[in-house]
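J.: when you get a sec, could you give me coordinates for this:
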Amino acid sequence: MLACVIATGCASQARLPASYFAEGGHVLSAGEIGVTAAGGAGTSADGSGTGIGGRARVGVGGGNEVGVEAAQLTLDSPSYHCTFDCGPGDNSRYTTRARSVALSWKHSILDNAAIVATVGGAHHDRIAGDPMPAGDYVGTSVNGSLGLIGSHPIGHDVDAYGGLRASAGVPVGATNASNAMILGASTAIGLDVAVTRNLHLYGEASAFATGSEDDDFFPTFGVTAIGGIGVRL
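T.: From the prediction side, this is the model:
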């Protein structure tokens, strides 16, 4: 049961791993493979965004899954060129594209609860809008996340799930528009609908907060919604 979700808001959030759940607390059996694709959209006080993603994991026994995931996000971001007495055009916007890839691990701690961890990297850059943005318009980062997720059946073929996740992104390389660390936290609730034993549909709503070291980690808040489809082999 795997998926990828969309993070959105200011461009610096492109440094974080795509924050997602879209799975319950159960773990794949040894040798079982799960593949899921998802897409969604969100908004925050700074902007909006859309994205797609996917993940593949395999059960390795002992209540563990390992796998890989990837995502691409498109974010609308503000570009502030002045602080006071701004004239027309001083505060414009630009579009950022972010791509990320990560290794992931899921470990069962109860029959219906698990921890999920990722480690990977992301790159983002301006693709449209303000040609000389004042924001965090380009950069490469290493990132990771740690989450707790649980689920409970509410019908014969439907599970409700929810979870909490913390994440961090650290800039690396020489092309960064910002060298600030980014921290994030999110919570989500959703439904896992088993169409068949091997085919699952997901719907999820999430709230998140992110903060940049440049702003003393003053948080930006937002919400997202995603849909996904997963296959077990």
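
J.: alpha carbons only for contacts and neighbour counts from here, please
T.: OK.

J.: any idea how far residue 50 lies from residue 140?
T.: 20 Å (CA to CA, to the nearest Å).

J.: same question, residue 180
T.: Distance of residue 180 to residue 140, given as CA to CA: 12 Å.

J.: which one of those two is surrounded by more residues?
T.: More neighbours surround residue 140 than the other of residue 180 and residue 140, with 26 against 19 (other CA atoms under 10 Å).

J.: secondary structure element holding that one?
T.: Remark: residue 140 resides in strand 138-153, with elements defined by DSSP states H and E.

J.: which parts of whichever helix or strand comes after that strand are buried?
T.: The helix or strand immediately downstream of strand 138-153 is strand 158-172, counting by DSSP H and E. Under the neighbour-count criterion of 16 or more other CA atoms under 10 Å, strand 158-172 has 158-171 buried.

J.: residue ranges with poor pLDDT in this structure?
T.: Where the chain drops to pLDDT under 70, the residues are 1-12, 83-84, 88-89.

J.: output the longest strand belonging to it.
T.: Using DSSP state E, we find that the single longest strand of the chain is strand 91-110.

J.: could you spell out the sheet neighbours of that strand, each with its direction?
T.: Note on strand 91-110: by DSSP bridges, its sheet partners are strand 64-80 (antiparallel), strand 113-129 (antiparallel).

J.: any chance of those in JSON lines, plus distance to residue 225 and mean neighbour count?
T.: Conversion of the strands paired with strand 91-110 to JSON lines gives the following (distance: least, CA to CA, whole Å; neighbours: other CA atoms under 10 Å):
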{"stretch": "strand 64-80", "distance to residue 225": "14", "mean neighbour count": "23"}
{"stretch": "strand 113-129", "distance to residue 225": "20", "mean neighbour count": "20"}
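
J.: select, out of the ones you listed, the one closest to residue 216.
T.: Checking the strands paired with strand 91-110 against residue 216 by CA to CA gives strand 64-80 as the closest, at 17.9 Å.

J.: run the chain-centre distance for that closest one.
T.: Offset of strand 64-80 from its chain centre (CA atoms, centre = their mean, to the nearest Å): 5 Å.

J.: just stretch 136-149 next, same as before
T.: Computed by CA atoms, centre = their mean, the chain-centroid distance of stretch 136-149 equals 8 Å.

J.: just the CA atoms of that stretch, as PDB, please.
T.: Coordinates of each C-alpha in stretch 136-149 appear next as PDB, following Å, rounded to 0.1, in the frame of the first residue of the first chain:
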ATOM      1  CA  ASP A 136      14.600  30.500  -3.100                       C
ATOM      2  CA  TYR A 137      14.300  29.800  -6.800                       C
ATOM      3  CA  VAL A 138      17.000  27.100  -7.400                       C
ATOM      4  CA  GLY A 139      18.900  24.500  -5.300                       C
ATOM      5  CA  THR A 140      19.700  20.900  -4.500                       C
ATOM      6  CA  SER A 141      19.100  19.400  -1.100                       C
ATOM      7  CA  VAL A 142      19.400  16.200   0.900                       C
ATOM      8  CA  ASN A 143      16.300  15.500   3.000                       C
ATOM      9  CA  GLY A 144      14.500  12.900   5.100                       C
ATOM     10  CA  SER A 145      11.300  12.200   7.000                       C
ATOM     11  CA  LEU A 146      10.000  10.100   9.900                       C
ATOM     12  CA  GLY A 147       6.300   9.400  10.300                       C
ATOM     13  CA  LEU A 148       3.900   7.300  12.400                       C
ATOM     14  CA  ILE A 149       0.700   6.000  10.700                       C
END
